[in-house]
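> Okay, here's the prediction I keep looking at, along with the sequence it came from:
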Amino acid sequence: MKKVWWILLLLLSLALVGCNNVTSDGEDIDQIESHEEASIQYKQDIDSVVSDLLKTVASAENMIQNYAHVWNAGISKDTYMTIEHAQNLLSIDESTARKYFATSGYTNFIDSDFQKLIQELKFYYTDTGKIPELQSNMESIQANLQNLNDPPVEYEPIFAEVLELYRIGNEYTQFAINPTGSLITYNQSTNQLSTDFISQHNRVAILKPGKE
């Protein structure tokens with residue numbers, strides 16, 4: 001008889017343990033906790049992607065502004081680029097400026113052909129690793145987004161918005177990697193993309209689940 005009671009107590013204990021793993025609504029607690037952990041990790045990963053994208057676009061913005069600056073100097077009749085000007089613009093020393101920008105004879109005036117100025121600046125950004133870094137960063141961001149393409153259900157809307165943020169940011173950085181068009185269209189396109197990127201980032205921030 002005692003043996004029967006021990007068996008019944010054991011079965012009752014197992015039943016109680018099973019009940020403790022279920023909420024009052026019948027949901028499995030372990031599954032809920034697993035989902036919460038996955039959501040927390042996903043939030044950290046998507047936040048990291050957005051942060052990397054912001055840094056990359058900020059770097060591209062500086063390059064784009066410098067392209068527009070030398071472009072304007074090259075087509076303006078009242079503005080001339082000098083070695084000192086290049087030093088200040090890029091925060092480089094005189095020898096580096098002379099390495100990348102050709103001067104007129106033995107003067108400090110840089111040849112003013114705007115196409116040549118743009119190509120010289122592009123070569124500087126390529127040779128010093130700025131353009132390769134932009135390309136590498138965007139490739140890394142794209143790869144990270146591909147790894148995040150199966151989000152928890154509450155993050156599905158925000159993932160779509162981050163994809164759009166990436167699309168705008170990638171298009172914007174291409175103007176730093178390969179400046180094309182006229183100065184007017186270049187400025188118009190980059191200004192519009194910059195505005196779109198800021199607006200889209202604000203949208204991402206507003207829609208993000210669990211934001212503090």
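Nice, I can see it.

> what about the nearest residue to residue 154 once chain neighbours are set aside, how many residues close to it?
Sequence neighbours aside, residue 209 is the residue nearest to residue 154 in space, at 4.9 Å (criterion: Cβ to Cβ, 6 or more residues apart in numbering). Glycine gets a C-beta too; all of them are placed from N, C-alpha and C. By other Cβ atoms under 10 Å, 12 other residues sit near residue 209.

> Now residue 209: which helix or strand?
Using DSSP states H and E, residue 209 falls within no helix or strand.

> ok, it - contacts?
Contacts of residue 209 were listed using Cβ atoms under 8 Å, 6 or more residues apart in numbering, and they are 39, 43, 154-155, 158.

> one more time with 7 Å
Residues near residue 209 by Cβ atoms under 7 Å, 6 or more residues apart in numbering: 154-155, 158.

> Low-confidence ranges, the chain, go.
Residues of the chain that meet the criterion pLDDT under 70 lie in 1-35, 210-212.

> Could you pull out the helices in it for me?
In the chain, the helices defined using DSSP state H lie at 2-20, 29-75, 83-90, 94-100, 114-127, 130-147, 156-177, 183-207.

> Now do the buried residues in the shortest one.
Read that as helix 94-100. 96-98, 100 (16 or more other Cβ atoms under 10 Å).

> swap in the fifth one?
Of all the residues in helix 114-127, those buried under the rule 16+ other Cβ under 10 Å are 114, 117-118, 120-122, 124-125.

> Closest to residue 89 out of those?
Checking those against residue 89 with Cβ to Cβ, the nearest one is residue 121 at 9.0 Å.

> from memory that closest one sits against residue 66, does it?
Yes. Contact criterion Cβ atoms under 7 Å: residue 121 and residue 66 qualify, at 6.5 Å.

> then stretch 150-169 to CSV, C-alphas only?
Extracted as CSV, the C-alpha positions of stretch 150-169 are listed here (Å, rounded to 0.1, in the frame of the first residue of the first chain):
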residue,chain,number,x,y,z
ASP,A,150,13.9,36.2,-40.5
PRO,A,151,12.9,38.5,-37.7
PRO,A,152,10.7,37.8,-34.8
VAL,A,153,7.1,38.8,-35.7
GLU,A,154,7.2,42.1,-33.8
TYR,A,155,10.3,43.1,-35.7
GLU,A,156,9.0,42.3,-39.2
PRO,A,157,7.8,46.0,-39.9
ILE,A,158,11.0,47.5,-38.6
PHE,A,159,13.2,45.1,-40.7
ALA,A,160,11.4,46.4,-43.8
GLU,A,161,12.1,50.0,-42.8
VAL,A,162,15.8,49.3,-42.1
LEU,A,163,16.1,47.7,-45.5
GLU,A,164,14.8,51.0,-47.0
LEU,A,165,17.2,52.9,-44.8
TYR,A,166,20.0,50.7,-46.2
ARG,A,167,18.8,51.3,-49.8
ILE,A,168,18.9,55.1,-49.4
GLY,A,169,22.2,55.0,-47.6
